[in-house]
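A.B. asks: heads up, no residue letters with this:
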């Protein structure tokens, strides 16, 4: 970051910290060469007994959990989860819708079956039914007509 | 083996160490021990503990040298190990001690301005210690180690922008703290240090 890109107040804070460190360096670290030579020797003495470990084995393919964790680190975890929930939700709604339409089709079929049975038995019932949206002509014009085993007598009776 | 190690880069030295040249590691230690000690001391605030951090960091670096892939500089990788080691040490210390004793002020025959700055240093250090670890790390590495944000991001194992954001948030918190002190008229008692710095920045 270019210090100039900081607002003035933050630049003052930055300068304060730096300047304070120059005027009163804190904490003080040893400057003597001997001190660092001793530190170096201690480190090298410990390294003498150690071996470089073999290279780590190539990491296996990332599990979905690890992938989610990565997303989490990048702040995308929530987005991913929301997208996942949305996809699952849409799929569920779709299946519910198709279930409902299937049920309707079955209900419709059953009703039409019943209706045809009714027409077969007494054709004028349907025409006289106030609430019915069907008339016997509707049924006859309906494509279900082809499926109805209409006997000659029945046609004549209609 | 007869190469002049001092002229080699860190990457070259790493290759030498990998083929069994321990003198190359000695050169690495000589190169980085001081900066590593200074940085560790910023974190742990105790010279003995900082020495331990430095030693442990070099040993870990040696053992895990094959894990260094060269994606960042060797110095950044080493600092990353040291920062993590220092954090672990601090956690350990927090567990073991309930009372964190403050650092003693050197009184004696120190000049008044020096005393003022010492007191101020301590006040600010206390504020820095209060910062969340990530912000403190970014601040220490930037202000006191003068590292670039690329290096800080490598050390903190975070994206570049996150390193910058942590630094910025640290500065904002410290600024607020400075302002509070100013409200309490403490800047005057500190010899007008803050206004002095403000002028200095404006002149620049």
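C.D. replies: Yes, it's here. Keep in mind that this is a model prediction, so the values were computed, not measured.
A.B. asks: can you count the residues close to the closest residue to residue B:68 other than its chain neighbours?
C.D. replies: Leaving out its chain neighbours, the residue that sits closest to residue B:68 by CB to CB, 6 or more residues apart in numbering or on different chains is residue B:77, at 5.4 Å. Quick note: C-beta positions are derived from backbone N, CA and C, even for glycine. Using other CB atoms under 10 Å in any protein chain shown, residue B:77 is surrounded by 22 other residues.
A.B. asks: next one: residue B:77 relative to residue B:84, how far apart?
C.D. replies: Distance check for residue B:77 against residue B:84: by CB to CB, to the nearest Å, it reads 11 Å.
A.B. asks: just give me how far stretch B:52-70 sits from the chain centre.
C.D. replies: 18 Å (CA atoms, centre = their mean, to the nearest Å).
A.B. asks: same check on stretch B:128-145?
C.D. replies: With CA atoms, centre = their mean, you get 7 Å for stretch B:128-145.
A.B. asks: how many neighbours does residue A:88 have?
C.D. replies: Residue A:88 has 10 neighbouring residues, counting by other CB under 10 Å.
A.B. asks: over to residue B:42?
C.D. replies: By other CB under 10 Å, 24 other residues sit near residue B:42.
A.B. asks: and it, how far from chain A?
C.D. replies: 7 Å (CB to the nearest CB, to the nearest Å).
A.B. asks: again, but for residue B:164
C.D. replies: Look at residue B:164 and chain A: by CB to the nearest CB, they are 5 Å apart.
A.B. asks: got the contact list for the helix or strand hosting that residue?
C.D. replies: Assigning secondary structure by DSSP states H and E places residue B:164 in helix B:160-183. If you take CB atoms under 8 Å, 6 or more residues apart in numbering or on different chains as the criterion, helix B:160-183 is touched by A:1, A:6, A:9-10, A:12-14, A:16-17, B:123-124, B:127-128, B:131, B:134-139, B:142, B:149-150, B:152-153, B:156, B:158, B:187, B:190, B:194.
A.B. asks: buried only: go through the residues you listed for me.
C.D. replies: Buried subset of the contacts of helix B:160-183 (neighbour count, 16 or more other CB atoms under 10 Å in any protein chain shown): A:6, A:9-10, A:12-14, A:16-17, B:124, B:127-128, B:131, B:134-139, B:142, B:149, B:152-153, B:156, B:158, B:187, B:190, B:194.
A.B. asks: per the record, what domains does chain A have?
C.D. replies: With domains defined by automatic domain parsing, chain A comprises A:1-51, A:110-158.
A.B. asks: circling back: what about the residue nearest to residue B:68, distance to chain A?
C.D. replies: 14 Å.
A.B. asks: go on, residue B:45?
C.D. replies: Distance, residue B:45 to chain A, by CB to the nearest CB: 6 Å.
A.B. asks: then residue B:50?
C.D. replies: Per CB to the nearest CB, residue B:50 is found 8 Å from chain A.
A.B. asks: list the ones among the buried ones among the contacts of helix B:160-183 that fall in helices.
C.D. replies: Secondary structure assignment by DSSP state H places A:9-10, A:12-14, A:16-17, B:124, B:127-128, B:134-139, B:149, B:152-153, B:156, B:187, B:194 of the buried ones among the contacts of helix B:160-183 in helices.
A.B. asks: perfect, that will be all.
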